[in-house]
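Enquirer: My questions are about this predicted structure, shown below with the sequence.
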Amino acid sequence: MTTFRTCPTTGLKVQDHADNLMRAHAVVGVVALLVGGITAILVLLTRWQAVHLLNAEWFYRILTIHGMNMLIFFILFFEMAILYFASGPLLNSRIATPRVGWVAFVLMVAGMLLVEWTMFTGQADVLFTSYVPLRAAPNYYLGVILFAVGAILVTVQFFATLVVAKREKTYEGSVPLVTYGAATAAIIAAITLLHGAAIYIPTYLWSLDLMPMDAEIYRLVWWGLGHSSQQINVAAMVSVWYLLGALTVGSVVLNEKISRSAFVLYVLFISMASAHHLLVDPGFGPAWKVWNTSYAMYLAVLASMIHGFTVPAGLEIGQRVRGLTKGLFEWLRRAPWGDPGFSAMFFSLVVFGFLGGITGVTFGTEQINIIAHNTLRIPGHFHATVVSGTAMAFMGLTFYVIPLVFRKQIAFYPLIKWQPYLFAGGMVIFSVGMTFAGTFGVPRRHWDITFSNAPFNLEFSPAVDLLISIMAIGGIIAAIAGGIFILSTVWSVFFGRPLEKGSTGFHGVPPGIHKQPVPITPEAAAAFEAAPTGMLGKAPGTLVLVFVFLLAFVTYYFVNWKLLSFLWQIG
Amino acid sequence: MHSGVESPKGVWWKPAEASERLWVIVAFVWCMVLFAMMPLWHLKGGQNPSGIRSKVDPADFEARTMQFVQDYQVGEENGFPVVAPPPGSHVYLIARMWQWYPVLRLEKDAEYTLHISSLDLNHGFSLFPINVNFQIVPGYDYGLTVTPTDVGDFRIICNEFCGVGHHLMLGKVEVVEPGAGGGNE
């Protein structure tokens, strides 16, 4: 028999199965984050040549473990929890078939454990990408397949739950924007995971010597998984931005049509991004590269640029309609900067856009990729998107999940208020150091850039040492912030104080929960609509911010074309 | 007004507010500029990753390279043959665990067709210090037309993971003044 509780904060009806499934996925996600975080420090301290901690064999092994835990296990377990939240509680619905949910969960955990075992025992030193003919033990591929099958079941469950909610009329009107965004993430997840099956099943057979594999076709199909999975992150992260905006300051949706159409653009074009990794490959011609790398003329980039406007504009109008109307930026200045849910969300938005987005589009340009491919510029870019963007948004969400889903206060709350600042600051320093080191041609995934035992000598510019040291310092700051996050989360969940008891200095809950944004009355909304606007429209602060962004984008983009033009003639 | 966690009631397909519409248009125009730059660079720019692309059997590629070395070898360095092909010729470079073979001596301002392929795993061709990068995939011949524009001593870093000796895989390219290559000796 299933039971529901009514959330005292949000008024949503939460089924016990939904609660338990969300908790289970979130807990395993945090465990993967811990493994990924410890290995991150080991990788960092090895790439920092002044320390050079691990030997070559363990460096590549640990790097493999870092990549799999962060990019696959942590992120996907977390996203599965978000899919349960967006389909069940957010629609006041039951989960379609909780039993299938648990089967899927067991499959994912079993797959993860199998992969971890092969990696830690040195049977899979193939890095995250496992490019054939590099060979891992068959159990490694089998583990990934089990994990992917489990994840496919969760996405199917998500759609089944949408159908249940619709049929049982648990909500009126259309699904909320956050659920809509999560649905696009789930569609992209289904596409991604099918690519995963299409590549890991043949590779598993190949590892058993049952069929041949072409190295280039592997790269094409594998990146259908590898890059598209990052686009699940983008769609999920944008949904979390809308969600945290609503919870922390009561931000509004400017225009459902625009925001939802932007999500649809993600679904339509995003799986073409496999091409970003194949721009300087011998297997594909220029027309294929240009068309695919641009997501059919940059329509998925357009989607992100639209969300980059509508999310802050939603915050701005939400604040303005509640009276913060002075000047261009009172809404931002007087935002709840002490609320870790808000600060994490806002930093995620800014760093994802300015660092991750601009570098991503620039490096993904066919010709500019010549001066970016496989250098440190690439991990510099994706740490700004996946870590400072997605992971930070998920951390901000966790500060609301602990009180709302686990019904616990957040342990070490005074530290947690600062955690997003520390994490964002560290990651910005890290990504900038890494990206600029890459402009000197420093390779990614490399144990020894002093080339001490190589047949020829090579010495990078002293600037590279400096940039790598900056990267290391930023990385250590971010790792400390990550450690604080994990410590607080684990402590809260297992030894935390129940929500009902009053908060103390040590424990706490974000203001969005105990001091919710005042509801917008129809009169206030009508007055806001009717009020005269200047030439910059209803969200003038945001309009200024997005044009600053555009200026940064245009500058970085054309500087890179200029750098490219200095090279040898190549064609 | 409603937030992203509330269900919108009724018809929500409404025209966008002016500033939002402006941004969508500006962003769209910028996306078209981003797109147009790539075909334009193929027409006007000097650096494109097109090349002559074909499949190749690794054994055949190795044989072609050995013939090429035999034809144009001018010396030896650290156990690698130094090869000085004449301007305009086809040049062959093997990537394998963990070597770039052979050492190349090219002339400034001369055009070559540089064929690179791998005999085993994926490798990454990264020319230091000018930071030019290409993916080298076993079974595929990447034939790039290159014209060196600077004299100097260059290195080839491998920037695709290729096993535990990956960091040892360092090759060499020398670029000399026109006519100083000695390729016609």
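Expert: Nice, I can see it.
Enquirer: Could you list every helix and strand in contact with the longest helix seen in chain A?
Expert: Ranked by residue count under DSSP state H, the longest helix found in chain A is helix A:462-495. In this structure, helix A:462-495 makes packing contacts with helix A:16-47, helix A:392-404, helix A:413-439, judged by 3 or more C-beta pairs under 8 Å, 6 or more residues apart in numbering or on different chains; DSSP states H and E. C-beta coordinates here come from the backbone N, C-alpha and C atoms, glycine included.
Enquirer: Tell me which of the ones you listed sits nearest to chain B.
Expert: With C-beta to the nearest C-beta, the closest approach to chain B among these belongs to helix A:413-439: 7.1 Å.
Enquirer: I'd say residue A:79 and residue A:189 touch.
Expert: Yes. Contact criterion C-beta atoms under 8 Å: residue A:79 and residue A:189 qualify, at 7.1 Å.
Enquirer: any shared contact partners between the two?
Expert: Here residue A:79 and residue A:189 share the contacting residues residue A:232, scored by C-beta atoms under 8 Å, 6 or more residues apart in numbering or on different chains.
Enquirer: which parts of the stretch 101-250 of chain A sit against chain B?
Expert: By C-beta under 8 Å from any C-beta of the partner chain, the part of the stretch 101-250 of chain A that sits against chain B consists of A:125, A:127, A:131, A:133-134, A:171-178, A:181, A:214-216, A:219, A:239, A:242-243, A:245-247, A:250.
Enquirer: ok, of those, which come out buried?
Expert: Burial of those was assessed by neighbour count (16 or more other C-beta atoms under 10 Å in any protein chain shown); the buried members are A:125, A:127, A:131, A:133-134, A:171, A:174-178, A:181, A:214-216, A:219, A:239, A:242-243, A:245-247, A:250.
Enquirer: Which ones among the residues you listed lie within helices?
Expert: Mapping these onto helices (DSSP H) picks out A:177-178, A:181, A:215-216, A:219, A:239, A:242-243, A:245-247.
Enquirer: ok so, going back, deepest of the helices and strands packed on helix A:462-495, which one?
Expert: Here the criterion is mean neighbour count by mean count of other C-beta atoms under 10 Å in any protein chain shown, and of these the winner is helix A:392-404, at a mean of 27.
Enquirer: distance between that helix and the chain's centre?
Expert: The gap between where helix A:392-404 is centred and where its chain is centred comes out at 14 Å by C-alpha atoms, centre = their mean, to the nearest Å.
Enquirer: could you point out the longest helix in chain B?
Expert: Taking DSSP H as the assignment, the helix of chain B that covers the most residues is helix B:18-44.
Enquirer: what about the following helix or strand past that helix and chain A, any contact?
Expert: Secondary structure here is assigned by DSSP states H and E; on that basis, the next helix or strand after helix B:18-44 toward the C-terminus is strand B:52-55. Yes. For a cut-off given as C-beta under 8 Å from any C-beta, strand B:52-55 has contacts with chain A, namely residue B:53.
Enquirer: Now do strand B:52-55, average pLDDT.
Expert: Per-residue pLDDT values over strand B:52-55 give a mean of 94.
Enquirer: ok, residue 112 - how many residues close by?
Expert: I went with chain A, as the question did not name one. Applying other C-beta atoms under 10 Å in any protein chain shown, we find 25 other residues in the vicinity of residue A:112.
Enquirer: try again with chain B
Expert: Other residues within reach of residue B:112, judged by other C-beta under 10 Å, total 20.
Enquirer: how close does the residue most central in space within chain B get to residue A:258?
Expert: Among the residues of chain B, residue B:134 comes closest to the average C-alpha position under C-alpha atoms, centre = their mean, at 2.8 Å. Relative to residue A:258, residue B:134 is positioned 40 Å away (criterion: C-beta to C-beta, to the nearest Å).
Enquirer: who touches stretch B:37-49?
Expert: Contacts of stretch B:37-49 from elsewhere in the structure, counted by C-beta under 8 Å, 6+ apart, are A:279-280, A:286, A:289-290, A:293-294, A:365-367, A:369-370, A:561, A:564-565, A:567-571, B:50, B:134, B:144.
Enquirer: Go through it and flag the buried ones.
Expert: B:37-38, B:41-42, B:45-49.
Enquirer: And the residue of chain B that's closest to chain A?
Expert: Nearest to chain A, among the residues of chain B, is residue B:19, at 2.8 Å (C-beta to the nearest C-beta).
Enquirer: Quick check: which ranges of chain B have low pLDDT?
Expert: Low-confidence segments of chain B, defined by pLDDT under 70, span residues B:182-185.
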